[in-house]
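Colleague: Okay, predicted coordinates and the sequence, questions at the end:
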Amino acid sequence: MNRDVLSTLLPAFVWLPILAAAITLLVRRFAGPQRFLALAVHALALAGALVSLSTVSDGTVIAEQVSGWAPGISIPFVLDTFAGLLLGVAALMVLVCTLFAVVTGDDADPYFHPLVLVLSAGVYGAFLTGDLFNLFVMIEVALIPSYVLLTRSGQAAAMTAGRIYFGVNLLVSAVLLAGVGLVYGSAGTVNLAELAGAATESPAVALAGGVVLLALGAKAALVPVHTWLPRSYPFASVAVTALLSGLLTKIGVYGVFRVYGLVYDGTGLETVWLVVLLATMMIGVLGALGESGMRSILSFHMTSQVGYIMLPLSFFGPLGIAAGIFYMVHHIIVKAALFLSCGAVEHHAGTGKLSQLGGYARREPWLGLVFILAALSLVGIPPLSGFVAKLSLIHASMDAGHYLAAAMAVVVSLFTLLSMLKIWNGAFWGADPDPITGPALTAAVATTPDATDPGAARLRHQTQDAPTALDRMPRRLILPGALLAACTVGIGLGADVLVDLATTAAEGLSDTTAYTEAVVPR
Amino acid sequence: MSAAVLVAVLVAGGVYLLLQRGLVRAALGFVLLGHAANVIVLAAGGQQDREPAYVGNTLPETGLADPLVQAFALTAIVITFALTVYLFAMAGHGGDDDGESSDAEPSDEHEHHGTVVDGPPSGGHATSAEPIGTSSTGDVPTGRTTGREHA
């Protein structure tokens, strides 16, 4: 697409979903039109993101000086290959998760679609902004709907989770704001392009940027500031959990990559990153092994995967960063596929507790296939996308001489396999669970954090009316997860395309000249 | 210097309140922390220049205050305000802190799925609640009543 036209349209990624959110709020009494409008906007965003990605796939950078202010004064929107890639994945996530909410009835809440639209606007904005303060604002725009989505059901477990999530994120946001203020005080600007390399020149800027990195790292749930995530994510409805896992923590990851790459030139904190990220990988996967609900395992496990994604920060270079970006795209897709296939089980059975599930692979072979494909991809079995991601990551760390990191990546993979097998054995393998009577199911559900969403409650009532809990699962519940599982197979088989894109994106992150030239022409 | 002292006092008060058990106190702690962050942002623009920026037709010769940090602080204040209101709303909904919620859980279940949970509430409490801290069974009925009223 023409670059001038595209740059004019860049802010539409933010204002269009917010406008649509306002309209869906107005028509909230009419579920049909609301659904249609939300899905149409999500599909439009995906199309726009793919067009944007194809335009910048050769490494060009497109900058839009919003409202025509002079470069350096305006609050720019910047689209480079990295941002375009994540924009595309994020738009895909939003569309698929909304589809899942539609087919399961999680969107019965009239405020669901407006909130998701605002959330998506914030995420797109965070990926596209070229200004540190605007990054803070966009993160808030994305977070505020997530607070509401998490606590809308009003049930005790969700409220407790909401308080933890809300409290931690509020604290972290205050730290982020203070960090942005310190960067402005020490460097005199918050424009990322003007900040390029500033931390290598001035220790004060490096310290101020460190506060920003700390806050972004907490949003990405790095050890030791990860404990909020497994205590909050599993308590939302399935679609919301998948959405939050795919988008919100990844804003933090994106922010760290961007800030560390631009402001620090990717140097200075190698040892810190190595220690933090190896601990994140290990503790995340061990924590996952200790959980007993499907979504609890997946949530805790996310921490471990974030460690993988960010591991290349400890040996910043084009090869490693390309592996990290590839891993990030793969991880977002596969994790959502896992959440959605486990969520389908949870919606069908009314519980996510592994001790009360079983036999789904036999009764629902397609769902079992979707889950096992995604799980094996997460572990890193060829020919799925996880294999390419892990191979390139391990190759990059060997190349940089980080043999410990490479070894840990392999060891943690084994634990990953173990935690995935735990879900497989509990929910998919084996015999059907004991015959479930209504009150027993409900009493059990009352203690289960994984089944606190209103949709599951409604489904439980349906099982009350027809106590045959072993009915066939509707095909439409499997479809969204299957779509994403197909993506991971596709990425695995045709890895060249994504590897090329990730390499171009990584070159843009390691050599920031193109970025700064586009935003602040000299 | 005055800004540094102010930030130190605000952060100290905010952290103290955050470590309290009640959610309302924690919310007030967040308010103080938000103020501290805003003072940092304002101080980042320089404190010696105090002339209002872009008021009237003529610009002051010297001492023009940095308008950018004021815009930052204004944006941040709006966000903090909205979040504080939501936090207070959450504090008003159900239990006052996390310790109580596991006790209130049976009543929530009772309310949301009133048709299926039968039998005495104490039975539900025994099977499903994980006792936290010192909460005793005697506290439960009052917690239940307030929870239901707020919901």
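Modeller: Noted; the coordinates are in hand.

Colleague: which residue ranges form the helices in the stretch 401-522 of chain A?
Modeller: Listed in chain order, the helices found in the stretch 401-522 of chain A under DSSP state H, counting those that start in this stretch are A:403-423, A:438-446, A:454-465, A:475-493, A:495-510, A:513-519.

Colleague: could you dump these to a markdown table with mean neighbour count and mean pLDDT?
Modeller: C-beta coordinates here come from the backbone N, C-alpha and C atoms, glycine included. Listed next are the helices of the stretch 401-522 of chain A as a markdown table, based on neighbours: other C-beta atoms under 10 Å in any protein chain shown; pLDDT from 0 to 100:
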| stretch | mean neighbour count | mean pLDDT |
| --- | --- | --- |
| helix A:403-423 | 18 | 91 |
| helix A:438-446 | 19 | 43 |
| helix A:454-465 | 18 | 46 |
| helix A:475-493 | 20 | 90 |
| helix A:495-510 | 20 | 90 |
| helix A:513-519 | 19 | 88 |
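
Colleague: which one of those helices lies closest to A:Ala374?
Modeller: Taking C-beta to C-beta, helix A:475-493 is the member of the helices of the stretch 401-522 of chain A nearest to A:Ala374, at 5.3 Å.

Colleague: what residues does that closest one touch?
Modeller: By C-beta atoms under 8 Å, 6 or more residues apart in numbering or on different chains, the surrounding residues in contact with helix A:475-493 are A:92, A:96-97, A:99-100, A:103-104, A:329-330, A:333-334, A:336-337, A:340-341, A:343-344, A:347-348, A:364, A:366-367, A:369-371, A:373-374, A:377, A:382-388, A:498.

Colleague: ok, now stretch A:372-390?
Modeller: By C-beta under 8 Å, 6+ apart, stretch A:372-390 touches A:305, A:308, A:323, A:326-327, A:330-331, A:333-335, A:337-338, A:341, A:361, A:391, A:409, A:413, A:416-417, A:420, A:423-424, A:428, A:481, A:484-485, A:487-489, A:491-493, A:495, A:498-499.

Colleague: got the buried residues for it?
Modeller: Neighbour-count burial for stretch A:372-390, with 16 or more other C-beta atoms under 10 Å in any protein chain shown as criterion, is recorded at A:372-381, A:384-390.

Colleague: In helices only, show me those.
Modeller: Cross-referencing the buried residues of stretch A:372-390 with the helices (criterion: DSSP state H) gives A:372-379, A:385-390 as the overlap.

Colleague: I'd like to know which of those residues is nearest to A:Ala206.
Modeller: Closest to A:Ala206, out of all of those and judged by C-beta to C-beta, is A:Ala389, at 30.7 Å.

Colleague: Quick check: chain neighbours aside, which residue is closest to the closest residue to chain A within chain B?
Modeller: For chain B and chain A, the shortest gap (C-beta to the nearest C-beta) falls at B:Ala44, measuring 3.1 Å. Of all residues not flanking B:Ala44 in the chain, A:Gly185 sits nearest, at 3.1 Å (C-beta to C-beta, 6 or more residues apart in numbering or on different chains).

Colleague: tell me the helices in chain B, going along the chain?
Modeller: Chain-ordered helices for chain B, with DSSP H as the definition, fall at B:2-18, B:23-44, B:67-92, B:98-112, B:121-128, B:140-150.

Colleague: Buried residues of the third one, list them for me.
Modeller: By neighbour count, and taking 16+ other C-beta under 10 Å as the criterion, the buried residues in helix B:67-92 are B:68-69, B:72-73, B:75-76, B:79-80, B:83-84, B:86-87, B:90-91.

Colleague: Could you confirm whether any residue of it contacts chain A?
Modeller: Yes: residues of helix B:67-92 contacting chain A under C-beta under 8 Å from any C-beta of the partner chain: B:Leu68, B:Val69, B:Phe72, B:Thr75, B:Ala76, B:Ile79, B:Ala82, B:Leu83, B:Tyr86, B:Leu87, B:Met90.

Colleague: Summarise which helices and strands that helix is packed against.
Modeller: Secondary structure elements in contact with helix B:67-92, counted by 3 or more C-beta pairs under 8 Å, 6 or more residues apart in numbering or on different chains; DSSP states H and E, are helix A:132-151, helix A:156-187, helix B:23-44.

Colleague: Columns mean pLDDT on top of these, output as a markdown table?
Modeller: Output for the helices and strands packed on helix B:67-92, formatted as a markdown table (pLDDT from 0 to 100):
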| stretch | mean pLDDT |
| --- | --- |
| helix A:132-151 | 93 |
| helix A:156-187 | 90 |
| helix B:23-44 | 92 |
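
Colleague: export those to CSV and tack on mean neighbour count?
Modeller: As requested, these are arranged in CSV below (neighbours: other C-beta atoms under 10 Å in any protein chain shown):
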stretch, mean neighbour count
helix A:132-151, 23
helix A:156-187, 24
helix B:23-44, 22
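
Colleague: To A:Leu298, which of those lies closest?
Modeller: A:Leu298 lies closest, by C-beta to C-beta, to one member of the helices and strands packed on helix B:67-92: helix A:156-187, at 15.1 Å.

Colleague: Skip ahead from that closest one and say which helix or strand is next.
Modeller: Read in the C-terminal direction, the helix or strand following helix A:156-187 is helix A:198-201, with elements assigned using DSSP states H and E.

Colleague: what about dumping the CA coordinates of that following helix to CSV?
Modeller: Output in CSV follows, covering the C-alpha atoms of helix A:198-201 (Å, rounded to 0.1, in the frame of the first residue of the first chain):
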residue,chain,number,x,y,z
ALA,A,198,20.8,7.9,25.4
ALA,A,199,21.3,5.4,28.1
THR,A,200,24.8,4.4,26.8
GLU,A,201,25.8,8.1,27.0
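
Colleague: Buried residues in it, which are they?
Modeller: Buried, per 16+ other C-beta under 10 Å, within helix A:198-201: A:Ala198, A:Ala199.

Colleague: In contact with A:Pro33, which residues?
Modeller: A:Val27.

Colleague: mind redoing it with 10 Å?
Modeller: Residues in contact with A:Pro33 (C-beta atoms under 10 Å, 6 or more residues apart in numbering or on different chains) are A:Ile23, A:Thr24, A:Val27.

Colleague: Hmm, A:Pro110 and the second one touching each other?
Modeller: Yes: in this structure A:Thr24 lies within contact range of A:Pro110 using C-beta atoms under 10 Å: 8.7 Å.

Colleague: what's the neighbour count on residue 18?
Modeller: Since you didn't name a chain, this refers to chain A. Burial measure for A:Ile18: 16 neighbouring residues, criterion other C-beta atoms under 10 Å in any protein chain shown.

Colleague: The intended chain is chain B.
Modeller: Counted with other C-beta under 10 Å, the burial measure for B:Leu18 works out to 18 neighbours.

Colleague: How about it, nearest residue that isn't a chain neighbour?
Modeller: Once its chain neighbours are removed from consideration, B:Leu18 has its nearest residue in B:Gly29; the separation is 3.9 Å (C-beta to C-beta, 6+ apart).

Colleague: what's the answer for B:Gly13, then?
Modeller: Distances taken as C-beta to C-beta, 6+ apart put B:Leu32 closest to B:Gly13, at 4.9 Å, once the chain neighbours are dropped.

Colleague: you'd agree the one you found is up against A:Leu171?
Modeller: No: here B:Leu32 lies out of contact with A:Leu171, judged by C-beta under 10 Å, at a distance of 11.7 Å.

Colleague: Identify the contacts common to these two.
Modeller: With C-beta under 10 Å, 6+ apart applied, the overlap between the contact sets of B:Leu32 and A:Leu171 consists of B:Gly14, B:Val15, B:Leu18.

Colleague: mind listing what the last one touches?
Modeller: Read that as B:Leu18. Applying C-beta under 10 Å, 6+ apart as the definition, the contact partners of B:Leu18 turn out to be A:Gly167, A:Leu170, A:Leu171, B:Arg25, B:Ala26, B:Ala27, B:Leu28, B:Gly29, B:Phe30, B:Leu32, B:Leu33.
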